[in-house]
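**Q** make a model of this:
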Amino acid sequence: MTNSQLFSTSRWRHFILVVFGGILLGLSFPPSPLFSLAFVAFIPLLLVADETNSYRHFAARAYIFIFIFHLLTLYWTGGFANCKDVWMMTAGVAVVVLHPILFLPLLLLAFFIKKKLGQTTWYVSVALMWVSFEYLHSLTEYSFPWLTIGNSQAYNLSGIQIIEYTSIYGLSLFILAFNILAYILLRNLSASKWNPKSRQTILMIASLLAIYFGPKIYGSIHMHRYAINDGVPLRVGIVQPNIDPWEKWGDKSFDPWESYDRQFRILLSESQKLAIDSPDIFIWPETAIPFHLLHPKYSSYQQQLFSFVDSVKIPIITGLPTVQYFISSDAPATSEKINNALYAQSYNSVIAIQPRRHISSIYKKIELVPFAERLPYPETFRFLIEPLKWNVGISSWGKGSDTLVFPFATPRNLFSTAGAVICYESVYPDFVRAFVQRGAQFLVVVTNDSWWGNTSGAYQHASFASLRAVETRRWVVQCANGGISLIVDPIGVVHYRTTLYTTNSFVADIHLQNATTFYVRYGDLVGKLCVVCAILFFFTALGYSIIIKERKNV
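**A** From the prediction side, this is the model:
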């Protein structure tokens, strides 16, 4: 066989391996129940890396692995099932094709460390670099932590209990460590360096069993610490109105006033039905009210809502857009020009409405979906705002500035505090943690997952509620426009769950919690530690490379 034939055979073998690994990783994510596949999904990539010396070849193979992973987990982002919006489909393709590139720099740094410091440091550094990327990728306006490897374990209830200490990044590190140790074991056994009964083999198998079953054993023991009836009971009424989001924002064939009336009637009538069961609070979904309710222009709707709340004496937490006006010199880049001197900025918001016409402070969404809801760093890239504006009119939301906890009194004179996050924000563990730090006794996620049809997106988003519940040991109430709405207890168990694209309202009991977990107190220590260690590894490799180069020049 010639060298070119050998290279071609190796190339196709590597291609098959990384595609297989990407499939395994993609199938480990919800709604698939095969979460254990994540523990072996990286083995093909590690094998390919061992057989590759070129940075370019490794980058190409790593990209294919990550692309296949993206394709299986994020295929739904383009809304192809609905086929209603070219912009959404284009953006969905861009996410799947371009986002994998962001993973490559730190993987290439790990490959650099391998070439300079050897095989053992490669195994350590690739895990550190991957988790460092996951953590760092949650920090900027370009952030997209949806694909954090630990998220794949959302259905693994006993296995995720450790994240009240380790955070989701610690879980990612466990998964990567298992992959690496399993690969080392297989590599040495296949090369006959170890035999099945050798001390090294037994120690490695013991380590793998500890990594895989240790968290499960811990979880099985400690899940019983959090009895579901601990804490003061609170009755929540969830209203899932199932309004077509295209009617809300994009389809010009709907008469807006007629549509507003219809949507408002659904919300009020469904809440009126629930009032019979005496809930302590109603939860309405993200932008349940699709217009600027607090603007004087909509005073008639305000009066209807105030009158309803006063009549049932039950507060409401609801999503809605709000607006703030600026003079031209102070206007944000994403604001809309009203006239030569005045600009308006809309925000994706949540408010709490209480009896006697009391409206809480307004929480304005902070973690906005890049490009779909807001162009990252719009002040810098102002010239891209109009070309990249989504035609449904919600791609230039303003960015909120601070977390907010809603205090409210129930009809039983029970005082409580809720932290309400909006849709995509529930993917950010450290962000959700901030609401608990500020005193939230339970968490609310208002969302609208009806854009993408009956695909994986809504199921993935719903599964993340279990992760946030375990990290904070809080009940999580998710209220979605068209599903999936659910109630999750502090150990991640789902107690109520609606189906997609149904009008569905229900009342459920939760329990208020006050204790704080290690994670709530100290945050993402594992992610930060991985970043520090990755930096140290890189500079060690860089220093070693410089020393070797100088010695060769002597």
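
**Q** where in this protein is the helix or strand with the lowest mean pLDDT?
**A** Of the helices and strands making up the chain, the lowest-confidence element is helix 245-249, at a mean of 78, by mean pLDDT, DSSP states H and E.

**Q** outside of the following helix or strand past that helix, which residues touch it?
**A** If you walk from helix 245-249 toward the C-terminus, the next helix or strand you reach (DSSP states H and E) is helix 256-275. Contacting residues not belonging to helix 256-275 are listed as 237, 239, 241, 243, 247-248, 282, 284, 288-291, 301, 304-305, 308, 312, 314, 316, 503, 505-507 [Cβ atoms under 8 Å, 6 or more residues apart in numbering]. All C-beta spots, glycine's among them, are computed from the backbone N, C-alpha and C.

**Q** give the buried residues for helix 256-275.
**A** Using 16 or more other Cβ atoms under 10 Å as the burial criterion, the residues of helix 256-275 that qualify are 259, 260, 263, 264, 266, 267, 270, 271, 274, 275.

**Q** repeat for stretch 105-124
**A** When burial is assessed from 16+ other Cβ under 10 Å, stretch 105-124 yields the following buried residues: 106-114, 116-117, 121-124.

**Q** again, but for stretch 237-256
**A** The neighbour-count criterion (16+ other Cβ under 10 Å) identifies 237-246, 248-250 as the buried residues of stretch 237-256.

**Q** so residue 526 is in which element?
**A** Here residue 526 sits within helix 525-553, counting by DSSP H and E.

**Q** is there a neighbour count for the closest residue in space to residue 524 that isn't next to it in sequence? I'd like the number.
**A** Spatially, and ignoring its direct neighbours in sequence, residue 524 is nearest to residue 167 (4.9 Å; Cβ to Cβ, 6 or more residues apart in numbering). Here the count is done by other Cβ atoms under 10 Å, and residue 167 has 28 residues near it.

**Q** how about residue 498, what does it touch?
**A** For residue 498, the contacting residues are 238, 240, 480, 483, 484, 485, 486, 504, 506, by Cβ under 8 Å, 6+ apart.

**Q** please, where are all the strands along this structure?
**A** 232-240, 281-283, 316-327, 336-337, 342-354, 358-359, 363-364, 405-409, 415-422, 442-447, 476-480, 486-488, 494-497, 504-512 (DSSP state E).

**Q** hang on, the earlier thing: which strands or helices does the least confident helix or strand of the chain pack on?
**A** The contact analysis (3 or more Cβ pairs under 8 Å, 6 or more residues apart in numbering; DSSP states H and E) places helix 245-249 against helix 256-275.

**Q** give me the angle between the helix it packs on and strand 232-240.
**A** 140 degrees (axes from the mean of the first three to the mean of the last three Cα atoms, to 10 degrees).

**Q** model confidence for residue 394, exactly?
**A** At residue 394 the predicted local distance difference test score is 65.

**Q** and residue 5, by the same measure?
**A** What the model reports as pLDDT for residue 5 is 49.

**Q** give me the nearest residue to residue 454, chain neighbours excluded.
**A** Sequence neighbours aside, residue 500 is the residue nearest to residue 454 in space, at 5.5 Å (criterion: Cβ to Cβ, 6+ apart).

**Q** residues contacting that neighbour?
**A** Under the criterion of Cβ under 8 Å, 6+ apart, the contact partners of residue 500 comprise 449, 450, 454, 458, 482, 483, 484.

**Q** a markdown table for the residues you listed, including pLDDT, distance to residue 50 and neighbour count?
**A** Listed next are the contacts of residue 500 as a markdown table, based on pLDDT from 0 to 100; distance: Cβ to Cβ, whole Å; neighbours: other Cβ atoms under 10 Å:
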| residue | pLDDT | distance to residue 50 | neighbour count |
| --- | --- | --- | --- |
| 449 | 90 | 41 | 26 |
| 450 | 87 | 45 | 21 |
| 454 | 90 | 41 | 13 |
| 458 | 95 | 39 | 24 |
| 482 | 92 | 47 | 25 |
| 483 | 84 | 45 | 26 |
| 484 | 96 | 42 | 20 |
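
**Q** with distance to residue 151 as extra columns, can I get those residues in a markdown table?
**A** Written out in a markdown table, the entries for those read as follows (distance: Cβ to Cβ, whole Å):
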| residue | distance to residue 151 |
| --- | --- |
| 449 | 16 |
| 450 | 22 |
| 454 | 21 |
| 458 | 15 |
| 482 | 23 |
| 483 | 20 |
| 484 | 16 |
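
**Q** helices - which of those residues land there?
**A** Within the contacts of residue 500, residues falling in helices by DSSP state H are residue 458.

**Q** that older thread, so for the helix holding residue 526, what gets flagged as buried?
**A** 526, 527, 528, 529, 530, 531, 533, 534, 537, 538, 541.

**Q** same question, stretch 494-510
**A** Across stretch 494-510, burial judged by 16+ other Cβ under 10 Å covers 494, 496, 498, 500, 501, 504, 505, 506, 507, 508, 509, 510.

**Q** ok, the last one touching residue 238?
**A** No: between residue 510 and residue 238 there is no contact, the gap being 10.8 Å when judged by Cβ atoms under 8 Å.

**Q** find the residues that touch each one of those two.
**A** Common neighbours of residue 510 and residue 238, counting by Cβ under 8 Å, 6+ apart, are 477, 487.

**Q** any weak-confidence spans in this protein?
**A** Segments of the chain classed as low confidence (criterion: pLDDT under 70) are 1-9, 82-84, 227-229, 249-254, 385, 387-394, 553-554.

**Q** in it, which residue is most central in space?
**A** Nearest to the geometric centre of the chain sits residue 427, at 2.2 Å (Cα atoms, centre = their mean).

**Q** please save the CA atoms from stretch 414-421 in PDB.
**A** What follows is stretch 414-421, C-alpha atoms only, in PDB (Å, rounded to 0.1, in the frame of the first residue of the first chain):
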ATOM      1  CA  LEU A 414     -48.300  34.000  53.600                       C
ATOM      2  CA  PHE A 415     -45.300  36.100  52.600                       C
ATOM      3  CA  SER A 416     -43.100  34.500  49.900                       C
ATOM      4  CA  THR A 417     -40.400  35.400  47.500                       C
ATOM      5  CA  ALA A 418     -40.000  34.200  43.900                       C
ATOM      6  CA  GLY A 419     -37.100  34.400  41.500                       C
ATOM      7  CA  ALA A 420     -38.400  34.600  37.900                       C
ATOM      8  CA  VAL A 421     -36.100  33.900  35.000                       C
END
